[in-house]
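Q: I would like to see how this sequence folds:
(2 chains)
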Amino acid sequence: MVAFRRVVEDALEKGATYADVRYQEDRSTSVEVKDGELRKAVPGRERGASVRVLYDGTWGLATAPSVDPRGLRRALDEALGMARALAPRVSERVTLAPTKAVRDVVRWKPKKDATKIPLEAKRDLLLEASKAATSVAGIASAKLALDDEVVTTRIVTSEGTDVTMEVPRLLLQIDLVARGDHGKVVGYRARIGGTKGFEAFDAEDPSEKAGEAAKSALRILTAKAAPSGRLDVIADPDLAGVFAHEAIGHACEADLVIAGESLLEGRIGEKLGSDLVTIVDDGRVKGGYGSMPYDDEGVKASRKVLLENGVLKGYILSRETAGRLGMKPNGGARAASHAARPLVRMSNTLIEKGDRTFEELLEGVKRGVYAKGTRGGQVDTAKGTFQFGAQEAWLIEDGELTTPLRDVALQGEILETLTTIDAVGKDAMLASPGICGKGQLVPVGDGGPHVRIRNAVVGGGA
Amino acid sequence: MPVRRRAAKARTRRVSDEPLRAAGLLRDAERHVRTALAVGADEAEAFVLAGRGASLRIEKGSLTNGSVGEERGVALTVEKKGRRGFAYFTEDADAKTAARRALASARILGPSPGLAEKVALKPVSGLFDAKLARWSTEAAIEAAVAMMDAARGRAPDAVIAGGGLGWGTEAYALATSCGFKGAVEGTSLGGSLHLVLREADATATGFDYVSSRALKGVDFAGCGREAADLAMRSRRPKRVEGGPQTVVFRPTALDGLFEFLFARAVLGETAHAGQSVFSGRLGARVMPEAWSLVDDPRRRGGAMSAPFDDEGVPTRKVAIVKKGLLATFLDDRDTAARHGAKPSGVAVRAERMSSDRSFRAPPRAVGRNVTLEGPASDEAALLAGIRRGVLVHDAMGAHTANAASGDFAVSSSTLFEIRDGEVAGPLKGAMVSGNFPDALAKLEAAGRDVRPLGGAFSPLAMYLPSLRVGGLRVTG
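A: This is a model prediction of the structure:
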């Protein structure tokens, strides 16, 4: 792969001040079982590379039509052409924050390499888990999708960095539909995954997970609609993680901060929330779905403290955004594929644990909602509002879990919510797998302990 | 996920002065079919996808970077002893290996619903614009600048926080050993602008977008003006009064709801199997008689229009809801074969959660251009008679709703009060909740302001106007 180094050297000769080549190879298998039958088994292999240049303080990126010297040279010329055309119109020149050149090869070897496990074994695992769900009376349908991949990335920069990394990833998604009286149906989702191989299933058994999911789905089927209005809420580790991701993580993405799209702009050092709240984005969580050895600019992944005891401590940074803000890059640049531009992204976003038991959290609630499991969320970082959906919920009355509720959604203002967290559990859970969309889809992890939020806006379905 | 700005779609890739030559892709597809037959497939199909496009990003009031790119990949389907298997690859050198792996997957997969056979295809117009295919980076830069200048002219104090332009060509070809041959080439253009206006008491935002398959008629400056005007109108919001109210959804607040709670709920895969709120309701009234909801893959210039779908079924206009009655579900070859239905011609190849066409996934029914047909009211008539209501411009979180039950609770941060048939002032963020099939059944009026919309997690296009629905729960 001398060609990569040659391309970045050529870029400098042609007037670029910086260049990198990012090559990616992805070997993947996607297997799906629905209602006890194998529906999909798709093996695939994909390779590609892109060239990125900084010319006159302006970025240009081009994907190579083929991963060979000719294709790379063409990509270089196109990236330079784009940057040259744009440069006269760019108001602020890019200055990259300096990083040390790194030469490294990291291969995360899973204990049980999923790419070496035959399709038949994957099918059997899904069929067994499917049976565990559908054998529960009332479960109308079970869809189980298993995606595994090994992604090899090589990043070569004009500053001497040459990093190769190999990362395995696996995600099992279980989607259940329960059907009750009068044709009423509800859905339920569960996931297992991480930067792991099949050993992920030693820690969490797919059949057990599917069986538990089936029980949850049935509970929602007969659950009552949630009350609407302002209520105390206890969020489970999954939802606490989604809160950390949606409400804080996105608002700490330095590109949004610089663009004026984050309400956390210029507020580092300010006390924004309760002493109890510490939130980190940690790219090094072992086995976390959003973990990586290096980011897509060849900067080592790190543990980034975003909020410490309620005080805003830092942002998630790429080299460009770190340069603009006068900060140190912290490994937050990620691209969804070889063709995509690295953006500032989260990795595993977690709320740090506190010191309360779940019972203690409950005790303090006269009337509220215990919300569990996530259906995902969304945030408007400029206005500072967020929304996320819980999978299942219970009414809390006088410190006791009482009536099961369905379709609970929470809405809030980030700053208000940070101050209304008044108790944090000591039961922090390791990141659970998620997929984050910000123009590009990337794997992430979320997690945290049980968290109590006072006076949150709860909206239920009809 | 952060709130979506409808930025330039990744569907659009690089532009070059050479056409992609769909005919060349078809020859490649035929070659890959022959390879698969040579390694032992009884029948084979190859889908070759190629895209070229460019995009420009706008951040904090300036163009910041540009990308050009192209993508090419091949999806292979083989049949062996009546079963079908899949594989994909990007490099020609991997074609044989992929064919063998597809055969391995056919050993464990179920019966094949068959591959496309020779058929005469009727072209769909308005898919390719030679001017757009040749659009230069320089001209696109001027268009982006025009968009920003227009916004600044209307809202000088606002920050142009983000946006961009993306344009390009996508071509694909499908060939089967059963005689099907088809190729499509289309252009597309997307642009958006998002403004943030910070004031002492609250932050106002405004956004707008353009989406087209042709350059002609695209009003870049108009997009900038609309975004700015919305931000200006949204200043100084007051708190919403909670309770059941009439809600007028702008098209920009409907995409998520229709994608997750309608289009998915009428897919044969779940609907035939009793797993959707619409299961068992074929022939039943689901909307007022005045309206129909159709999927029209032959819409002129439609974002998801094509003469044939991604598994070679010739396209036709399908009435999902016909004069208020649920008329059909949407099926691909596989779900049609399982449930004794006919393929609807609305299959797309796309990975889970992705809104782009892809060679990595087998085809499945998704929907193409979901369109509302029926009486349309002008703005005054749309709002007439609403004593107290809200006008909702955006809605976050439809993807977190319970798709199986249709219950939803979306959060809106750009909304206005409606008082006595007129739009009054802006409101602070609120949650709107209800049940989507109930809301459809209670549709009171539709506007004339149809806009093109795109799915967030599937390559579905929708063409929807403002819709007025009574009795939804609003929580402040």
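
Q: Cross-check the contact I'm expecting between A:Val242 and A:Gly447.
A: No: in this structure, A:Val242 is not within contact of A:Gly447 by Cβ atoms under 8 Å, at 9.5 Å. No exception for glycine: its C-beta is placed from N, CA and C like everyone else's.

Q: The host helix or strand of B:Arg100 and chain A in contact?
A: For B:Arg100, the host element (DSSP states H and E) is helix B:95-108. Yes: on the criterion Cβ under 8 Å from any Cβ of the partner chain, helix B:95-108 is in touch with chain A at B:Thr97, B:Ala98, B:Arg101, B:Ala102, B:Ala104, B:Ser105, B:Ile108.

Q: Tell me how the chain divides into domains.
A: In the absence of a named chain, chain A is used. Under the assignment automatic domain parsing, the domains of chain A span A:2-221, A:224-459.

Q: Wait, chain B was what I had in mind.
A: Split into domains by automatic domain parsing, chain B comes to B:22-233, B:243-475.

Q: need these in CSV with mean neighbour count and distance to A:Ile435, can you?
A: Formatted as CSV, these follow (neighbours: other Cβ atoms under 10 Å in any protein chain shown; distance: least, Cβ to Cβ, whole Å):
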stretch, mean neighbour count, distance to A:Ile435
domain B:22-233, 21, 20
domain B:243-475, 22, 6
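
Q: which residue sits closest to residue 339, ignoring its sequence neighbours?
A: I went with chain A, as the question did not name one. Spatially, and ignoring its direct neighbours in sequence, A:Ala339 is nearest to A:Thr63 (4.3 Å; Cβ to Cβ, 6 or more residues apart in numbering or on different chains).

Q: Sorry, I should have been clearer: chain B.
A: With sequence-adjacent residues excluded and distances taken as Cβ to Cβ, 6+ apart, B:His339 is closest to B:His272, at 3.9 Å.

Q: wait, what's in contact with that neighbour?
A: Contacts for B:His272 (Cβ atoms under 8 Å, 6 or more residues apart in numbering or on different chains) come out as B:Ser279, B:Phe329, B:Asp331, B:Thr335, B:Arg338, B:His339, B:Ala341.

Q: Tell me who's in contact with the second one.
A: Contact analysis of B:Phe329 by Cβ under 8 Å, 6+ apart lists B:Val266, B:Leu267, B:Gly268, B:Ala271, B:His272, B:Phe278, B:Leu282, B:Ile320, B:Ala341, B:Ser344.

Q: Return the closest of those with respect to B:Gly455.
A: Distance to B:Gly455, by Cβ to Cβ, is smallest for B:Leu267 among the contacts of B:Phe329, at 12.8 Å.

Q: my read: the closest one touches B:Leu330, true?
A: Yes: B:Leu267 lies in contact with B:Leu330 (Cβ under 8 Å); the separation is 5.4 Å.

Q: okay, and the common contacts of those two?
A: Counting by Cβ under 8 Å, 6+ apart, the residues touching both B:Leu267 and B:Leu330 are B:Ala365, B:Val366, B:Gly367.

Q: Can you list which of the residues you listed are found in helices?
A: Residues from these lying in helices, with DSSP state H as the criterion: none.

Q: Just the closest of those residues to B:Thr252, please.
A: For those, the nearest to B:Thr252 is B:Gly367 (18.9 Å; Cβ to Cβ).

Q: What segments of the stretch 301-450 of chain A are strands?
A: Ranges of strands within the stretch 301-450 of chain A are A:303-308, A:311-312, A:333-334, A:343-344, A:348-351, A:367-380, A:385-397, A:400-406, A:409-413, A:421-424, A:432-437, A:441-447, based on DSSP state E, counting those that start in this stretch.

Q: Run me through the strand neighbours of the third one, direction for each.
A: Translated: strand A:333-334. As defined by DSSP bridges, the strand partners of strand A:333-334 come to strand A:343-344 (antiparallel).

Q: Show me the shaky parts of the chain.
A: No chain specified, so I'll use chain A. A:1-2, A:431, A:460-462 (pLDDT under 70).

Q: Chain B is the one I meant
A: Applying pLDDT under 70 to chain B picks out residues B:1-20.

Q: which residue ranges form the strands in the stretch 201-350 of chain B?
A: With strands called from DSSP E, counting those that start in this stretch, the stretch 201-350 of chain B shows them at B:203-212, B:243-249, B:292-295, B:318-322, B:325-326, B:347-349.

Q: And those strands: which comes nearest B:Ala456?
A: Closest of the strands of the stretch 201-350 of chain B to B:Ala456 is strand B:203-212, at 13.5 Å (criterion: Cβ to Cβ).

Q: just the residues of the stretch 101-250 of chain B that are near chain A, which are they?
A: B:101-102, B:104-105, B:108-110, B:137-138, B:141, B:145, B:159, B:161-162, B:194, B:196, B:198, B:202-203, B:205, B:242.

Q: Might one say that the residue nearest to A:Ala339 is in contact with B:Arg72?
A: No: at 10.0 Å, A:Thr63 does not count as touching B:Arg72 under the criterion of Cβ under 8 Å.

Q: in the stretch 51-200 of chain B, which spans are helices?
A: Using DSSP state H, counting those that start in this stretch, the helices of the stretch 51-200 of chain B run over B:95-108, B:130-133, B:137-154.

Q: Just give me the closest of the shared contacts of B:Leu267 and B:Leu330 to chain A.
A: Among the shared contacts of B:Leu267 and B:Leu330, B:Ala365 lies closest to chain A (Cβ to the nearest Cβ), at 13.2 Å.

Q: For the nearest residue to that closest one once chain neighbours are set aside, list the residues it contacts.
A: With Cβ to Cβ, 6+ apart as the criterion, B:Ala365 has its nearest non-adjacent residue at 4.1 Å, and that residue is B:Asp332. Applying Cβ under 8 Å, 6+ apart to B:Asp332 gives the contacts B:Gly268, B:Asp309, B:Glu311, B:Pro343, B:Ser344, B:Val346, B:Ala347, B:Pro363, B:Arg364, B:Ala365.

Q: how near is B:Asp332 to B:Ala116?
A: The gap separating B:Asp332 from B:Ala116 is 12 Å, by Cβ to Cβ, to the nearest Å.

Q: Common neighbours of those two, please.
A: Common contacts of B:Asp332 and B:Ala116 (Cβ under 8 Å, 6+ apart): B:Glu311.

Q: What residue in the stretch 301-450 of chain A comes nearest to chain B?
A: Closest point on the stretch 301-450 of chain A to chain B, by Cβ to the nearest Cβ, is A:Gly389, at 3.0 Å.

Q: Wait, that residue touches A:Gly376, no?
A: Yes: with contact defined as Cβ under 8 Å, A:Gly389 and A:Gly376 form a contacting pair (6.5 Å).

Q: For chain A, identify the residue most remote from the centre.
A: The outermost residue of chain A, judged against the average C-alpha position, is A:Glu13 (38.4 Å), by Cα atoms, centre = their mean.

Q: Okay, and A:Val21 sits in which element?
A: strand A:18-34.

Q: Identify all residues paired with the residue nearest to B:Gly302 when sequence neighbours are not counted through a beta bridge.
A: Spatial nearest neighbour of B:Gly302, excluding adjacent residues (Cβ to Cβ, 6+ apart): B:Asn369 at 4.1 Å. Here B:Asn369 sits in beta bridges with B:Ala461, going by DSSP bridges.

Q: For A:Arg6, see how far away the residue farthest from the centre of chain A is.
A: Counting by Cβ to Cβ, the gap from A:Glu13 to A:Arg6 is 10 Å.

Q: and the stretch 201-350 of chain A, which residues reach chain B?
A: By Cβ under 8 Å from any Cβ, the residues of the stretch 201-350 of chain A that approach chain B are A:220, A:225, A:228-229, A:246, A:250, A:255-256, A:258-261, A:263, A:339-341.

Q: and the two most separated of these?
A: Farthest-apart pair in these is A:Gly229 and A:Ala339; separation 46.4 Å (Cβ to Cβ).
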